[in-house]
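Peer 1: please work out how this folds:
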Amino acid sequence: MVKALKKWWPLFVLPTALSFVFGFIIPFIEGLFLSFCKFKTINKATFVGISNYVAALQDAQFAHSFWFTVLFTVCVTILVNVIALAIALALTRSHLKGENTFRTVFFMPNLIGGIVLGYIWQILINAVLSVAGQQLLSLNTTAGFWGLIILTLWQQVGYMMIIYIAGLQSIPSDYLEAAKVDGANAWQTLWKVKIPNLMPTITICLFLTITNGFKLFDQNLALTGGDPNHETEMLALNIYNTFYSRVGGKWMGIGQAKAVIFCILVICISLIQLKFTQSKEVQQ
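Peer 2: Residues are numbered from 1 along each chain as shown. The predicted structure follows:
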């Protein structure tokens with residue numbers, strides 16, 4: 001059986017490899033080329049060098065979207081992981097009646113699409129909080145920012161909670177019993193035993209929350225649409241608006257250049273985070 005698998009493994013890998021090449025590699029290379037072009041269709045592209053990148057980096061709205069996205073991602077990353085870990089600790093420490101029901105309820109929002117969530121929370125927030133009959137989210141930048149935070153927390157906390165529960169359950173019981181014998185209280189056990197052994201799980205959760213924060217699009221589009229006056233426009237939505245909402249082929253090239261910058265940015269930040277958190281992991 002093993003010899004047969006070694007012999008025929010390329011046949012099994014081929015469908016996935018072809019899907020990856022045609023679905024990601026080729027479009028990525030073509031998109032990278034188009035970022036150096038002025039175009040209205042991909043068949044009629046004129047090479048313009050780095051002018052698209054210069055225009056993208058000089059776009060004040062792109063810079064504002066970057067810092068808005070950074071602030072949003074920092075807040076979401078901290079809040080999602082702290083709340084998810086707190087719930088996971090509560091559900092694993094005490095034997096609650098209906099524990100599985102709690103886990104299911106917390107996880108369910110993650111199954112709802114971002115566009116649907118955005119419109120649901122837009123209706124809820126604007127129905128409860130309105131200014132002179134006008135929608136608050138379209139008038140107030142702070143309300144839009146915290147609306148996005150609340151929506152993202154509601155969607156992602158349950159998913160991260162499941163990952164943290166799996167991490168907590170994988171900690172050897174011997175470690176916890178040894179800490180108890182040594183007289184460690186709950187707080188000391190958390191910081192000296194559980195957190196160090198949870199670092200692989202924390203690495204995964206931080207990676208997911210940081211990348212999801214930077215890539216947020218559906219919820220931003222549905223909840224605020226960038227209003228008021230593009231003040232709540234995040235990077236992905238700014239790229240979309242640059243590419244599709246402005247007249248003239250040059251804006252498509254600039255939008256494509258922004259997309260490449262965005263891709264490089266997310267990759268670099270993710271690699272730095274992975275390098276930092278993996279260095280804190282301990283061997284069990």
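Peer 1: before we move on, what SS does Thr46 have?
Peer 2: strand (DSSP: H, G, I helix; E, B strand; the rest coil).
Peer 1: where are the low-confidence patches of the stretch 151-284 of the chain?
Peer 2: In the predicted model, the stretch 151-284 of the chain carries pLDDT under 70 at residues 246-250, 282-284.
Peer 1: now do 50
Peer 2: Nowhere does the stretch 151-284 of the chain drop to pLDDT under 50.
Peer 1: in it, mark out all the helices, start to finish.
Peer 2: Applying DSSP state H, counting those that start in this stretch to the stretch 151-284 of the chain gives helices spanning 173-181, 186-189, 195-197, 199-215, 218-223, 235-244, 249-278.
Peer 1: go through those and name the closest to Ile42.
Peer 2: Closest approach to Ile42 among the helices of the stretch 151-284 of the chain is made by helix 249-278 (9.5 Å; CB to CB). For every residue, glycine as well, the C-beta is placed using N, CA and C.
Peer 1: one step back: nearest to Tyr53, of the helices of the stretch 151-284 of the chain?
Peer 2: Across the helices of the stretch 151-284 of the chain, closest to Tyr53 is helix 249-278 (CB to CB), at 4.8 Å.
Peer 1: helices or strands up against the closest one?
Peer 2: On a contact count with 3 or more CB pairs under 8 Å, 6 or more residues apart in numbering; DSSP states H and E, helix 249-278 meets helix 26-34, strand 37-39, helix 51-58, helix 199-215, helix 235-244.
Peer 1: same for the last one, what does it pack against?
Peer 2: This points to helix 235-244. So helix 235-244, by 3+ CB pairs under 8 Å, 6+ apart, packs with helix 60-93, helix 199-215, helix 218-223, helix 249-278.
Peer 1: buried ones in the shortest one?
Peer 2: By neighbour count with 16 or more other CB atoms under 10 Å, helix 218-223 contains the buried residues 218-223.
Peer 1: next: the first one.
Peer 2: Using 16+ other CB under 10 Å as the test for burial, helix 60-93 gives 62, 65-66, 68-70, 72-73, 75-77, 79-81, 83-85, 87-89, 91-92.
Peer 1: follow-up on the earlier one: between the buried residues of helix 218-223, which is nearest Trp154?
Peer 2: Closest to Trp154, out of all of those and judged by CB to CB, is Gln219, at 10.2 Å.
Peer 1: quick revisit: please identify the deepest-packed of the helices and strands packed on helix 249-278.
Peer 2: Highest mean neighbour count among the helices and strands packed on helix 249-278 (mean count of other CB atoms under 10 Å): helix 235-244, with a mean of 21.
Peer 1: name the nearest residue to Gly167, sequence neighbours excluded.
Peer 2: Thr201 (3.1 Å; CB to CB, 6 or more residues apart in numbering).
Peer 1: tell me the contacts of the one you found?
Peer 2: Counting by CB atoms under 8 Å, 6 or more residues apart in numbering, Thr201 makes contact with 163-164, 166-167.
Peer 1: what about 10 Å?
Peer 2: With contact set as CB atoms under 10 Å, 6 or more residues apart in numbering, Thr201 has these partners: 85, 88, 160, 163-168, 170-171, 281.
Peer 1: now a PyMOL select for only the buried ones of these.
Peer 2: With 16+ other CB under 10 Å as the criterion, this PyMOL line picks the buried residues out of the contacts of Thr201:
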select buried, resi 85+88+160+163+164+165+167+168+171
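Peer 1: return the member of the contacts of Thr201 nearest to Phe20.
Peer 2: Using CB to CB, the contacts of Thr201 come closest to Phe20 at Ile163, 25.1 Å.
Peer 1: for Gly118, find the nearest of the helices of the stretch 151-284 of the chain.
Peer 2: Closest approach to Gly118 among the helices of the stretch 151-284 of the chain (CB to CB): helix 218-223, 2.5 Å.
Peer 1: work out which residue lies at the spatial centre of the chain.
Peer 2: The residue lying closest to the centre of the chain (CA atoms, centre = their mean) is Asn212, at 0.5 Å.
Peer 1: same list, the helices of the stretch 151-284 of the chain, but as CSV with distance to Gly23 please.
Peer 2: Below are the helices of the stretch 151-284 of the chain laid out as CSV (distance: least, CB to CB, whole Å):
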stretch, distance to Gly23
helix 173-181, 43
helix 186-189, 46
helix 195-197, 37
helix 199-215, 17
helix 218-223, 20
helix 235-244, 19
helix 249-278, 16
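Peer 1: figure out which of those is closest to Ile29.
Peer 2: So among these, helix 249-278 is nearest, using CB to CB, at 11.3 Å.
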